[in-house]
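> Just the structure for this:
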Amino acid sequence: MKIEARLKELGVELKPPPPPQFAFVGCRQVGNLVFVSGHGPRRADGTWISGRMGEGMSIEEGQKAARQVAINMLQTLKGHIGDLDRVKQIVKLLCLVNSTPGFRQQPLVANGASEFLYEVFGEAGRHARSSVGIASVFENIPIEIEMIVEVKPARRSALKSSATRRSSRRS
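Numbers count the residues shown, from 1 in each chain. Alright, predicted model coming up:
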């Protein structure tokens, strides 16, 4: 099944990613690996899901926030590679969970993103992962996630049209 069709089946519509707010890029590709910068749970309306684990936010709410982060990362990835069917596998997630010192369930919160990626990509969505607690995060978001993805090479016709666009810009 095509990834876009699977997302639609899950009720997810990917929108163009907003530009990063600070001095970095959303993705950087090295060979066939794409490094997706840390993303937070920004809603479609531009507002942030906020809260701190262990301080009134339930694990289920944290998992929903992690799912939203995964959606946001896919938007950025799609903007970079053009077609999510090029994803060969999700390699690794680094999940930074905003939590109190006594909160010890960071992996459960991170599961919100991991389970969503498995729903979307099947076995190709299974990945290595680290989930750690941190004391403070931008906008008091409950989770920030980085992702490494292995992609298949772009189709030759896409490469030709990209080269044509570059050479026409030089003229």
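
> what about the longest strand in the chain?
Counting residues, the longest strand in the chain under DSSP state E turns out to be strand 87-98.

> From the chain's centroid, how far away is it?
Centroid displacement of strand 87-98 relative to its chain, using Cα atoms, centre = their mean, to the nearest Å, is 7 Å.

> The helix or strand just after that strand - contacts with which helices or strands?
Counting by DSSP states H and E, the element after strand 87-98 in chain order, helix or strand, is helix 106-121. Using 3 or more Cβ pairs under 8 Å, 6 or more residues apart in numbering; DSSP states H and E, the elements in contact with helix 106-121 are helix 3-9, helix 59-81, strand 87-98, strand 128-134, strand 143-151. (Each C-beta comes from the backbone N, C-alpha and C, glycine too.)

> Okay, now stretch 28-37: how far is its last residue from its first?
Across stretch 28-37, the terminal residues are separated by 8 Å (Cα to Cα, to the nearest Å).

> quick revisit: quick one: strands adjacent to the longest strand of the chain?
strand 128-134 (parallel), strand 143-151 (antiparallel) (DSSP bridges).

> Now stretch 119-138: buried residues?
Residues of stretch 119-138 classed as buried: 119-121, 124-125, 127, 129, 131, 133, 137 (neighbour count, 16 or more other Cβ atoms under 10 Å).

> Please apply the same query to stretch 47-67.
By 16+ other Cβ under 10 Å, the buried positions in stretch 47-67 come out as 48-54, 57, 61-67.

> closest one to R28 among the strands paired with strand 87-98?
Of all the strands paired with strand 87-98, strand 143-151 sits nearest to R28, with 10.5 Å by Cβ to Cβ.

> any idea of the mean pLDDT in that closest one?
Mean pLDDT, computed over strand 143-151, is 98.

> got it, and stretch 156-164?
Rounded mean pLDDT across stretch 156-164 is 54.

> re earlier: quick one: work out the angle between the longest strand of the chain and helix 59-81.
Taking axes from the mean of the first three to the mean of the last three Cα atoms, to 10 degrees, one finds strand 87-98 and helix 59-81 inclined to each other by 140 degrees.

> what pLDDT does the residue nearest the centre of the chain get?
Nearest to the mean C-alpha position of the chain, by Cα atoms, centre = their mean, lies M73 at 2.2 Å. As predicted, M73 sits at a pLDDT of 98.
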